[in-house]
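Q: Build the 3D model from these lines:
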Amino acid sequence: MLVDSGIDKQHWAEAACTAAYVYNRTANSATPGGKTPYECYWGKKPDISNLRPFGDVAMVMTMPRYARDGKMGPVSVKSRLMGYSKCSKAWRVLLPSGLVSESRDVVFPADKFTAGKLLAQHDSSGDDEDSSTESDFSEDEGDTPHQGQHAAAEGAAENVGIAQGAATAIRTSNRVRRPPMRKHPYHKGYEDAIIVEMESIKARGVLEPVRWEPGLKVIDTKVVFDEKVDEKGLITSLKARLVAKGFRQSKGKDYTEIWAPVSKHSSLRAVLAVAAAKDWILHQVTREVGEKLDKDGLRLYQEKVGSLQYLATCTRPDISFAVGLLGRFCKCPTTFHMDLADQVLLYIAWTRDMGLEFGGRKPNFIVYSDSDNFGGETDERRSTTGFVCILNGGAVDWNSRLQQTVAVSTCEAEYQAAGAAVRAARWWRKLLPDLGIETGVVDIRGDNQSTLAVISNPISSDKTKHIDTIHHFTRERVEMGEVKFSYCSKEEMVADILTKALERNKLEKFRSMIGVISWD
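A: Now for the predicted structure:
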């Protein structure tokens, strides 16, 4: 809008507000019935009679603070349209002084002399010979035009030329035309990549012909090309992927659910644990990497935390608490946080030969739940929830994050952590039977006697009556027989590694208890 109108870039905020104003009054296929957002909200169709092109020339009546130059001075000021008022039926205009003002007394010259009318007048005037004949006829009648009429005629002729140029510009496409694929220097390699992609689709039976039924929207496809490069920037292979144009669908009309064909790391670890118990042979396939990190002023710190986050999510639960703590300062880190991130990287370098190990012939499933001292987070005084699910001697699922609400006691903080552990246990009770493992009642272990008493005692007390109803989900699942809670001493509470910083001996002990050991 700014480029087409020639308005200075400093008025980008006005352009953004105008774009939103017009968009809310434009029919959208994503809304029910193709209605405008304005109609969906207010229940009536919008009045668009006041819409004009952004930056259009406008004549604004001279206001008191812009005094006229005497009685014979102009009664209006030439300005540019910037948008529309939010509180009245007025336009926002850019005055010659550089100020943006609102006024209802605005006239748009383009409404009187449109390009269409001028082109029609030009076409009906005929060629030069007809024009000269008409001029001779006027002279015979004795009608001599005044000087003002000559000026108006010259102005009209100029406007006709401008209108013709505008019409020609409208007919010219602004689309960036790309050369055909056959002129690409790697078109042969991309053609081979397309063949490989189509053969892979046919071999796996991904596509099958279906009968079209009235009312069903057909989603077309396109091929996305990419280049795989090595560490030196040299192209090693060319890739082609057939994708569907899902952006053409409307939520609620063409689909109601969203599903992504991406496996969870916890599910993958469960398969590894079962494979270790049953001597299965696993086959590995290539995996596509994600997009690069954004390059901003905090890129280095965010890259460090991002790389550690992936490691903490996949195979190193012993660094989950430290990485989660560093991630809270990604927006405003200091040199202190950078030093802490370097310490975690140094710890990974010292223990780079460590990873998760699953062993044993009888897979047993146990969940450990814990929380730090209430108010451990100094800014908002929220506690940290930590739980770890152990299957066949190794951790398959874990979590370390801040609690959603502030706890007023250690009992309440542990109660919230128990709720998170119960939700994870319910998910595993549904997954493990599909892998041939019957879990029965899941054993969840905690180290806080008060919390265990609250879970087993349905009677409310002064210490628990303020707890939100959502946290009593734990007590309900215990009564339904899905989970049970048992006491675990603090010396055996391995979930401590996910809620607080530990001294070296405890860290090494709990690290081995959750299956993180050296492979050498």
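
Q: okay, and the helix or strand of this structure with the least pLDDT?
A: helix 128-141 (a mean of 40; mean pLDDT, DSSP states H and E).

Q: Give me the distance between the residue nearest to residue 280 when sequence neighbours are not counted and residue 79.
A: Of all residues not flanking residue 280 in the chain, residue 274 sits nearest, at 7.2 Å (CB to CB, 6 or more residues apart in numbering). (C-beta placed from N, C-alpha, C; glycine too.) Distance, residue 274 to residue 79, using CB to CB, to the nearest Å: 74 Å.

Q: More neighbours: which of these two?
A: Set side by side, residue 274 and residue 79 show more neighbours around residue 79, with 23 against 19, by other CB atoms under 10 Å.

Q: residues making contact with whatever helix or strand the more buried one lives in?
A: Residue 79 is part of strand 76-84, with elements assigned from DSSP states H and E. Defining contact as CB atoms under 8 Å, 6 or more residues apart in numbering, one finds that strand 76-84 is touched by 5, 7, 11, 14-15, 17-18, 21, 50, 52-62, 66, 90-96, 100, 106-108.

Q: Looking at these, which are in strands?
A: 57-61, 91-94, 100, 106-107 (DSSP state E).

Q: Of the residues you listed, just the buried ones, ChimeraX syntax please.
A: Entered in ChimeraX, the line below selects the buried ones among the ones in strands among the contacts of strand 76-84, by 16 or more other CB atoms under 10 Å:
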select :58,59,60,91,92,93,94,100,106
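
Q: which one among the ones in strands among the contacts of strand 76-84 gets closest to residue 322?
A: Using CB to CB, residue 100 comes nearest to residue 322 of the ones in strands among the contacts of strand 76-84, at 51.2 Å.

Q: got CSV for the ones in strands among the contacts of strand 76-84, with pLDDT too?
A: Output for the ones in strands among the contacts of strand 76-84, formatted as CSV (pLDDT from 0 to 100):
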residue, pLDDT
57, 88
58, 86
59, 86
60, 85
61, 81
91, 87
92, 90
93, 89
94, 88
100, 87
106, 85
107, 87
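
Q: got the ones in strands among the contacts of strand 76-84 as TSV, with distance to residue 225 columns?
A: Converted to TSV, those look like this (distance: CB to CB, whole Å):
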residue	distance to residue 225
57	45
58	47
59	52
60	52
61	57
91	47
92	45
93	47
94	45
100	46
106	50
107	53
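
Q: which two from the ones in strands among the contacts of strand 76-84 end up farthest apart in space?
A: Top of the distance list for the ones in strands among the contacts of strand 76-84 (CB to CB): 100 and 107, 18.2 Å.

Q: what about residue 216, distance to residue 8?
A: The value you get for residue 216 to residue 8, if CB to CB is used, is 49 Å.

Q: which residues of the stretch 401-520 of the chain fall in helices?
A: 410-431, 449-456, 473-479, 504-513 (DSSP state H, counting those that start in this stretch).

Q: Which elements pack onto the third one?
A: Packing contacts for helix 473-479, counted by 3 or more CB pairs under 8 Å, 6 or more residues apart in numbering; DSSP states H and E, involve helix 410-431, helix 449-456, strand 483-487.

Q: Show me which residues of the first one are buried.
A: Which is helix 410-431. 410-422, 424-425, 428-429, 431.

Q: And for residue 517, the neighbour number?
A: Counted with other CB under 10 Å, residue 517 comes out at 17.

Q: How about residue 18?
A: 21.

Q: Surely it touches residue 1?
A: Yes. Residue 18 is within contact range of residue 1, at 7.1 Å (criterion: CB atoms under 8 Å).

Q: Quickly list what's touching both of those two.
A: residue 54.

Q: if I pick residue 313, what's in contact with it?
A: So residue 313 contacts 265, 320 (CB under 8 Å, 6+ apart).

Q: change it to 7 Å
A: residue 265 (CB atoms under 7 Å, 6 or more residues apart in numbering).

Q: Quick check: which element contains it?
A: Short version, using DSSP H and E: residue 313 is in helix 299-314.

Q: Can you give me the buried ones in that helix?
A: 301-302, 304-305, 308-309, 312-313.

Q: State the mean pLDDT of that helix.
A: For helix 299-314, mean pLDDT is 88.

Q: Off-centre distance for it?
A: 20 Å (CA atoms, centre = their mean, to the nearest Å).

Q: Next: stretch 219-233.
A: With CA atoms, centre = their mean, you get 22 Å for stretch 219-233.

Q: before we move on, what about stretch 489-509?
A: Centroid separation between stretch 489-509 and its chain, computed with CA atoms, centre = their mean, is 37 Å.

Q: List of residues touching that stretch?
A: In contact with stretch 489-509 (CB under 7 Å, 6+ apart) are residues 317-318, 320-321, 368-372, 384, 386-388, 398, 400, 447, 510-511, 513-514.

Q: Residue 514 - how many residues pack around it?
A: Neighbours of residue 514 (other CB under 10 Å): 23.

Q: Surely it is in contact with residue 390?
A: Yes. Between residue 514 and residue 390 there is a contact under CB atoms under 7 Å: 6.3 Å.

Q: sorry, back to before: any idea which helix or strand comes after the helix holding residue 313?
A: Assigned by DSSP H and E, the successor of helix 299-314 is helix 320-327.

Q: any idea of the angle that following helix forms with helix 299-314?
A: Put simply, helix 320-327 runs at 150 degrees to helix 299-314, going by axes from the mean of the first three to the mean of the last three CA atoms, to 10 degrees.

Q: Please identify which of the buried residues of helix 299-314 is nearest to residue 209.
A: residue 313 (40.1 Å).

Q: where's that closest one relative to residue 353, distance?
A: Taking CB to CB, one finds residue 313 at 20 Å from residue 353.

Q: Repeat that for residue 75.
A: Distance from residue 75 to residue 353, by CB to CB: 86 Å.

Q: next one: residue 1
A: From residue 1 to residue 353 the distance is 58 Å (CB to CB).

Q: who has more neighbours, those two?
A: Here residue 1 and residue 353 are compared on neighbour count by other CB under 10 Å; more neighbours surround residue 1, at 16 against 9.

Q: my guess is that one contacts residue 23, does it?
A: No. Contact criterion CB under 7 Å: residue 1 and residue 23 do not qualify, at 11.7 Å.
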